[in-house]
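Asks: Need coordinates for the below:
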Amino acid sequence: MQNYLDKSKHYLWAFVEIGFLVVLAAVLVFLLMGQGSGPFITGVADNVMKFANGLQPQALVGIAIVLALIYLISNRVKG
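Replies: Residues are numbered from 1 along each chain as shown. Okay, the predicted model is just below:
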């Protein structure tokens, strides 16, 4: 059972990384080509901009703290 969960976790992380790279690539294409880059690329860029504009400074600080905690805990678990 543990082996199955480990494989599932590995595949889910791979899927998340691929999705993140697709979003980054779409934003890069939008930055290079502008509004003429197509409806999918423009839609992705619009959604990223809406998300970025909707974040409050307090939320950014909270996200930074959570990410720092995850980083510290993961280092202690590994070492």
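Asks: Could you use CA atoms for every contact and neighbour count after this?
Replies: Noted.
Asks: The residue positioned nearest the centre of the chain sits in which helix or strand?
Replies: What sits nearest the mean C-alpha location of the chain, by Cα atoms, centre = their mean, is residue 20, with 4.7 Å. Per DSSP states H and E: residue 20 is located in helix 2-33.
Asks: next one: that helix to chain centre, how far?
Replies: 8 Å (Cα atoms, centre = their mean, to the nearest Å).
Asks: Residue 36: neighbour count?
Replies: Residues lying near residue 36 (other Cα atoms under 10 Å) number 10.
Asks: Before we move on, what's the pLDDT of the residue nearest to the centre of the chain?
Replies: On pLDDT, residue 20 comes in at 93.
Asks: and what of residue 74?
Replies: pLDDT, residue 74: 87.
Asks: From residue 4, how far out is it?
Replies: 22 Å (Cα to Cα, to the nearest Å).
Asks: do the same with residue 25
Replies: 31 Å.
Asks: quick one: least confident helix or strand in this structure?
Replies: Every helix and strand in the chain was compared by mean pLDDT, DSSP states H and E; the lowest is helix 57-78, with a mean of 90.
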